[in-house]
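Asker: for reference, the sequence and a predicted model appear below.
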Amino acid sequence: MSTNRPGMSLTTDKEHEDPVNVFLEIASDDESSCSDLDDFARDFVGDMSDLEGRAADLRGQVKQIRGNGRKVRCEFDDLEAKVDSMLMEARRIKNGARQEIYLEKVLGHLSGDPLNDIPLEKFEDVPVFPTVSRQTTPPPRPPRPRGMLRRFFRRRSQRKIEPIPEQDIVV
């Protein structure tokens, strides 16, 4: 007894046919759609090769820009390190006249650098002072007040802790 009704099963009346082959046979009957797809595929592949070429060109440009950027960044880092070391050296010099001579040498060195586009007039009147050594101990505390405010400024060991009175619990 066959329970197959039309439209309810993927198989046809012939039980030996594969349902996938049935769909392929139906799709292969329409030849016009295949030729359209082939044309579309050819056009698409042509566009893709053109796009891949453009993408490769852009990748090359990006690599070149990144390489130049790294090179310039390294040069800037080197220049910044040189300036920092020179300023530290200038701060170590205690004599004001020697410090001024050294700073003139630093400015002369910077003016000869091709990466320096900043006019030097901005830096000529900037004073450079030797760094002040920091104290490791904090400054002494001011004396505690005497009189009425004395109880607010007691040391922790002298503070009186007042017990909280127990409240009656009413149930």
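Answerer: Thanks, I have the structure now. Being a predicted model, the structure only gives us computed values, none of them experimental.
Asker: for the helix or strand Gly67 falls within, give the mean pLDDT please.
Answerer: Using DSSP states H and E, Gly67 falls within helix 31-92. Average pLDDT, helix 31-92: 70.
Asker: and the next element down the chain from it?
Answerer: Immediately after helix 31-92, counting by DSSP H and E, sits helix 96-111.
Asker: what residues of that next one count as buried?
Answerer: Gln99, Tyr102, Leu103, Val106, Leu110 (16 or more other CB atoms under 10 Å). C-beta here means a position set from N, CA and C on the backbone, and glycine is covered the same way.
Asker: packing partners for it?
Answerer: helix 31-92 (3 or more CB pairs under 8 Å, 6 or more residues apart in numbering; DSSP states H and E).
Asker: try 10 Å
Answerer: helix 31-92, helix 121-124 (3 or more CB pairs under 10 Å, 6 or more residues apart in numbering; DSSP states H and E).
Asker: pLDDT averaged over that helix - what is it?
Answerer: Averaging pLDDT along helix 96-111 gives 73.
Asker: circling back to that earlier point, redo the buried residues of helix 96-111 as CSV? Include distance to Ala81.
Answerer: CSV is the format used below for those (distance: CB to CB, whole Å):
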residue, distance to Ala81
Gln99, 20
Tyr102, 17
Leu103, 18
Val106, 13
Leu110, 13
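Asker: just the closest of those to Gln167, please.
Answerer: Gln99 (73.0 Å; CB to CB).
Asker: out of the buried residues of helix 96-111, which is nearest to Arg59?
Answerer: Nearest to Arg59 among those is Leu110, at 37.4 Å by CB to CB.
Asker: please identify which helix or strand holds Pro140.
Answerer: Going by DSSP H and E, Pro140 is not in any helix or strand.
Asker: quick one: pLDDT of it?
Answerer: 76.
Asker: what's the answer for the one 10 residues further on, then?
Answerer: Per-residue confidence at Arg150 stands at 66 (pLDDT).
Asker: OK, contacts around Ser85?
Answerer: Counting by CB atoms under 10 Å, 6 or more residues apart in numbering, Ser85 makes contact with Val106.
Asker: let's see that with 6 Å instead.
Answerer: By CB atoms under 6 Å, 6 or more residues apart in numbering, no residues touch Ser85.
Asker: okay, now Arg92: neighbour count?
Answerer: 11 (other CB atoms under 10 Å).
Asker: over to Arg70?
Answerer: 10.
Asker: no further queries at this time; thank you.
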